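J.: Output the structure for:
(4 chains)
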There are 4 protein chains.
Amino acid sequence: MFDVIRYAGAARSIIEAGQFLYERGWSPATSSNYSARIDDDHIAITVSGRHKGQLAAGDVMVVDLQGRPVQSRARSSAETRLHTVLYQVFPDVGAVLHTHSVKATVLSRLCAADQPLVLEGYELQKAFTGIDSHETALTVPVFDNTQNIDSLAQRTAAWFRDNPDQPGYLIRGHGLYTWGRTMEDCLRHVEAFEFLFECELETMRVRP
Amino acid sequence: MFDVIRYAGAARSIIEAGQFLYERGWSPATSSNYSARIDDDHIAITVSGRHKGQLAAGDVMVVDLQGRPVQSRARSSAETRLHTVLYQVFPDVGAVLHTHSVKATVLSRLCAADQPLVLEGYELQKAFTGIDSHETALTVPVFDNTQNIDSLAQRTAAWFRDNPDQPGYLIRGHGLYTWGRTMEDCLRHVEAFEFLFECELETMRVRP
Amino acid sequence: MFDVIRYAGAARSIIEAGQFLYERGWSPATSSNYSARIDDDHIAITVSGRHKGQLAAGDVMVVDLQGRPVQSRARSSAETRLHTVLYQVFPDVGAVLHTHSVKATVLSRLCAADQPLVLEGYELQKAFTGIDSHETALTVPVFDNTQNIDSLAQRTAAWFRDNPDQPGYLIRGHGLYTWGRTMEDCLRHVEAFEFLFECELETMRVRP
Amino acid sequence: MFDVIRYAGAARSIIEAGQFLYERGWSPATSSNYSARIDDDHIAITVSGRHKGQLAAGDVMVVDLQGRPVQSRARSSAETRLHTVLYQVFPDVGAVLHTHSVKATVLSRLCAADQPLVLEGYELQKAFTGIDSHETALTVPVFDNTQNIDSLAQRTAAWFRDNPDQPGYLIRGHGLYTWGRTMEDCLRHVEAFEFLFECELETMRVRP
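T.: You can find the predicted model right below:
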């Protein structure tokens, strides 16, 4: 059982995040999925296949941390396990956003196999919680895409345990996962990642 | 004879599609044309030469599947036959959108003669109806541009029969045609195509 | 003397054009100037140095076809003569828009001295009044920039007489001039030019 | 002591500037800081770490020209000294905007060490106060980024004294500082710089 008022607040934060992310072009064509923590055992998460710029009541459901629907017959995103594993590993995580931008898609395809994306020397790295200087390197792993979500969830969980301070990862040809204590933090992380991805691509454009 | 309420609904879906597509920059300078099915014998379609971001009552007419105006003296798009042939070949098609984006224009000019555009390894390919994995190749033919629309309509019809599951085609230096069961499906297809075109061009920019 | 109601209508069309053009990023930082014909001897034109996205009553004045202020002590754009010469040469011209986009600026600087920009094979060329096929070449001259506006006005007038059907020209490192029978036609020309400039630059980006 | 009505007006100009700059993508992810002069001894400035598109009462505080909070326990931007030094050196400066765009970030990283960015031959250079021809060169220094703000403030002050007519500078991998007599002038300078940065990058894209 979960507190319904907390569900309503989580759903509201997801709906508003969708309006912002869709408008920016980072969640096109019913792609992407978003979640927010309700309590230790439950999260609110987008129903599969909905238009992310037009989320409404009926588009956000509840699942437990094993990804099972709670008090609903709707079907959550196929990638639900990539969300729940984050809430399981990190008790402080309050929101998870998965977006599908052109920049994240292209950049992740350009990274060599088994090579992470390394971002350094950007003042905007300070937008990530816990980073207070541009003189650091931010390492973003790129996992190969797969339709086997359980397997990918296990790989990400192993990586989280080894890299507890990293704020996000990419899936090749697919998109970005990032998280934060609050939805506000998480949205700031999306903005910062998109900014840095654009900087990297713009640099590659003029210095191919 | 057609049901006028169904015409009004089709016209409404076309007007709203125009606002969206114009705003994105995919239907500039009175280019593009849109249609939606009314019944087995009639479609609603944009009147020739109208501003697609400002469509209103008076800008959407009815034609039969031979492209002849019904209950109207307005002139439909010069490309009306490219729409009607789709409704003739595919009984399930409920909407057709033809857009003129910079990306579709440039990419179609860069494809070698008689070579289709091949899109593969993108998670977003799943936005097309009937595709459930990124591990597929989406083949988009590029027809040479012509002002002889009847001839082009026949070529597209032959291609539809050989490729009944493909969701769209390009005309070189001209734009995209895509379709779907509903206008919502069709708009999702436009968004997905534009996303993939942008990914392809961005990749070519940084890896010329 | 001019009809004040016609002045008010011309001013309204200029104010609305400014909102559109500024929003698109084609008239940044108080650049650009716009005009619309009132009658055979008078045009409405933007006052010098105003924010083009925030034009209001007080930002559009009247000049005669020699560029002299009429019933106003305001100062019109320094480039007023580039407008009036168009109204003098072409009795059918009803509106002139001069915009400063990044694309027009960059493309005009990339053209070799004395070489025009040639656009061909684009369906969107049909957006220009009088063109009904993509199988034509649209030639856009690029004049060198100068602060001597009278001299430039004379050069453009000579070009108009030799090329009465061309819808626009570029000034190097500066921007686009285009015109039309109505403000609506003229705005369609700006959109079409910007689309074609973007296509040319995008092609150069991926095929440097 | 300062006039509270003047504080309210300065805060209002900062809040509106934030809405504009955030919307353009020039102040993402809580980056950037803005200020406006209240009087000879006080400025209004953004509180540290706030969302620049959503500034409200409570997000703009007062500091003196040494950067010390006045009548507030809030913490101003870490870069407050980069603002106050401008108000100290230039009695005419009424507003200072520091933005973090992708273009400024990338371009500043591409400039060789100790080499300024030089902009010339652009009509839009006339958007900067006091420049009336494109036939000038605008020199924009690029300071190395540092978390030692006092040291950077001293370096900028020395540069201001040697270059009193230059309207802005870049910090490598970080962003743009520009200023003006009024907030309106200062916003025009941001727009003009962003336009010119985009022109430079676009040129590099097609002529790498």
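J.: As a check, name the ranges of all helices in chain A.
T.: A:4-23, A:80-89, A:102-110, A:149-162, A:183-206 (DSSP state H).
J.: need these in JSON lines with mean neighbour count and mean pLDDT, can you?
T.: All C-beta atoms are positioned from the backbone trio N, CA, C, and that covers glycine. Below are the helices of chain A laid out as JSON lines (neighbours: other C-beta atoms under 10 Å in any protein chain shown; pLDDT from 0 to 100):
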{"stretch": "helix A:4-23", "mean neighbour count": "18", "mean pLDDT": "98"}
{"stretch": "helix A:80-89", "mean neighbour count": "22", "mean pLDDT": "97"}
{"stretch": "helix A:102-110", "mean neighbour count": "24", "mean pLDDT": "97"}
{"stretch": "helix A:149-162", "mean neighbour count": "14", "mean pLDDT": "94"}
{"stretch": "helix A:183-206", "mean neighbour count": "22", "mean pLDDT": "97"}
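J.: right, and these - which one's nearest chain D?
T.: helix A:183-206 (3.9 Å; C-beta to the nearest C-beta).
J.: name the helices or strands packed onto that closest one?
T.: Helices and strands touching helix A:183-206, by 3 or more C-beta pairs under 8 Å, 6 or more residues apart in numbering or on different chains; DSSP states H and E, are helix A:4-23, strand A:95-99, helix A:102-110, strand A:117-120, strand A:175-180, helix B:183-206, helix D:102-110, helix D:183-206.
J.: would a markdown table of those with distance to D:Gly130 be doable?
T.: Listed next are those as a markdown table, based on distance: least, C-beta to C-beta, whole Å:
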| stretch | distance to D:Gly130 |
| --- | --- |
| helix A:4-23 | 38 |
| strand A:95-99 | 44 |
| helix A:102-110 | 38 |
| strand A:117-120 | 38 |
| strand A:175-180 | 44 |
| helix B:183-206 | 37 |
| helix D:102-110 | 22 |
| helix D:183-206 | 11 |
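J.: out of these, nearest to B:Ile171?
T.: For the helices and strands packed on helix A:183-206, the distance to B:Ile171 is smallest for helix B:183-206, at 13.3 Å, taking C-beta to C-beta.
J.: next one: the closest one to chain centre, how far?
T.: 13 Å (C-alpha atoms, centre = their mean, to the nearest Å).
J.: Can you pull the residues of chain A lying near chain B?
T.: For chain A, the residues in contact with chain B (C-beta under 8 Å from any C-beta of the partner chain) are A:28-31, A:51, A:100, A:102-103, A:105-106, A:109-110, A:145, A:147, A:171-175, A:201, A:204-205, A:208.
J.: Recalculate using a threshold of 6 Å.
T.: A:28-31, A:102, A:105-106, A:145, A:147, A:173-174, A:204-205, A:208 (C-beta under 6 Å from any C-beta of the partner chain).
J.: hang on, the earlier thing: in JSON lines, list the helices of chain A along with distance to A:Gly58.
T.: Listed next are those as JSON lines, based on distance: least, C-beta to C-beta, whole Å:
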{"stretch": "helix A:4-23", "distance to A:Gly58": "10"}
{"stretch": "helix A:80-89", "distance to A:Gly58": "17"}
{"stretch": "helix A:102-110", "distance to A:Gly58": "28"}
{"stretch": "helix A:149-162", "distance to A:Gly58": "24"}
{"stretch": "helix A:183-206", "distance to A:Gly58": "20"}
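J.: who wins for proximity to B:Glu123 among those?
T.: helix A:102-110 (7.7 Å).
J.: by contact count, what packs against the closest one?
T.: Helix A:102-110 sits against helix A:183-206, helix B:183-206, with contacts defined as 3 or more C-beta pairs under 6 Å, 6 or more residues apart in numbering or on different chains; DSSP states H and E.
J.: Measure how it sits relative to helix B:183-206, angle-wise.
T.: Computed by axes from the mean of the first three to the mean of the last three C-alpha atoms, to 10 degrees, the angle separating helix A:102-110 from helix B:183-206 equals 50 degrees.
J.: Which residues outside helix A:102-110 are in contact with it?
T.: A:142, A:170, A:172-173, A:175-176, A:197-198, A:201, B:198-199, B:202-203 (C-beta atoms under 6 Å, 6 or more residues apart in numbering or on different chains).
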